[in-house]
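Engineer: fold the following for me, if possible:
(one chain, ligands or ions: 2)
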Amino acid sequence: MTNISSLLSVRNLRVEVGERTVLDGISLDVPAGALVVLMGANGSGKSTLGLTLAGHPRYRVSDGSAQFDGHDLLALKPEQRARAGLFVSLQSPPDIPGVKNGLFLRSALNAIRESRGDTPLDAFDFLKGARGLASELGLDAKLLSRPVNEGFSGGERKRNELLQLAMLKPRLALLDEIDSGLDVDGVRAVVKLVQAMRAQGTAFIVVSHYLQLIESLTPDAVLRLDQGRIAETGTLALAQEIARTGFARNAQVAEV
Ligand SMILES: Nc1ncnc2c1ncn2[C@@H]1O[C@H](COP(=O)(O)OP(=O)(O)OP(=O)(O)O)[C@@H](O)[C@H]1O
Ligand SMILES: [Mg+2]
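Structural biologist: Residues are numbered from 1 along each chain as shown. Ligands and ions are numbered 1, 2, ... in the order given. The predicted structure follows:
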């Protein structure tokens, strides 16, 4: 059954990678403006969920459904998903040699603006906005004129993902370990941006292993993934318990 008040409604999602079933019956609802934290041991399937929702061709959906803002998400191409307002930040953002970062971002932004009926931004207006946001996010604006992620430090890659998020203004963003590799100011920038966008109605699925970030984000729900299934659903208290006791103990609890 689909929850009509949800922006994203995933039902019984089964995902295969090669011969392997990596997600096995995932159901979740994310209302507009909500923030859901996704936790789970390494290899439990968190990034797979993000890449599947984004439409990565390697992740094959063999069962289930995903409705996003009235669309059958799984029937859309990756670029149509982005135009519909979905943004997925990558755990390990790849280099794109030969493609200038600023041009990449402007092309993405203008494609999304066009689908919303807005006029495209010219290079001047784009750069003005992008430089302003880059400065707020602690990202050197010179990185806009380099190839995407090429030679970027770990933290610069993550801040660049944040810049994309801030510019593209999605309706739902899945942030996959956005805090990993970020320094203390970078983590503060994540919290500030997420809270500001949430206040404007953007919903978030945040994948993180770090309680301090999770506490700062005041999540509406915390989910624990275990071997491709949602093993537990709770509130911040669940994240605090996982931080105290670890995933190994949780797995034993689930087996009892
Ligand atoms: N392209 C792929 N080829 C083979 N196996 C894959 C592929 N993508 C994911 N997997 C496997 O699926 C499982 C889930 O991987 P996933 O990256 O989703 O885990 P995760 O929960 O994000 O872990 P982490 O906390 O380490 O980032 C892992 O066992 C992984 O090896
Ligand atoms: Mg991952």
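Engineer: what lines up beside the helix or strand harbouring residue 64 in the sheet?
Structural biologist: The secondary structure element spanning residue 64 is strand 60-68 (assigned by DSSP states H and E). Strand 60-68 has the following strand partners under DSSP bridges: strand 6-17 (antiparallel), strand 71-72 (antiparallel).
Engineer: which one of those lies closest to ligand 2?
Structural biologist: Proximity to ligand 2, assessed across these by Cβ to the ion, is greatest for strand 6-17 (12.9 Å). C-betas here are computed from N, CA, C, even on glycine.
Engineer: can you name the residues of the chain that neighbour ligand 2?
Structural biologist: Residues of the chain lying close to ligand 2 (Cβ under 5 Å from the ion) are 46, 47, 91.
Engineer: I'd say residue 88 and residue 52 touch.
Structural biologist: No: the pair residue 88 and residue 52 does not pass the contact test of Cβ atoms under 8 Å, sitting 9.5 Å apart.
Engineer: quick one, which of the two is more surrounded?
Structural biologist: Each of residue 88 and residue 52 had its neighbours counted (other Cβ atoms under 10 Å), and the higher figure belongs to residue 52 (27 against 24).
Engineer: quick one: contacts for the more buried one?
Structural biologist: By Cβ atoms under 8 Å, 6 or more residues apart in numbering, the contact set of residue 52 is 13, 15, 23, 59, 61.
Engineer: likewise residue 73?
Structural biologist: 8, 53, 66, 67, 81, 84, 86.
Engineer: by neighbour count, which of those wins?
Structural biologist: For the contacts of residue 73, neighbours were counted using other Cβ under 10 Å, and residue 86 has the most, 26 neighbours in all.
Engineer: in three-state terms, label the residue nearest the centre of the chain for me.
Structural biologist: Using Cα atoms, centre = their mean, the residue of the chain that lies closest to the mean C-alpha position is residue 174, 1.7 Å off. Taking DSSP: H, G, I helix; E, B strand; the rest coil as the rule, one finds residue 174 in the strand state.
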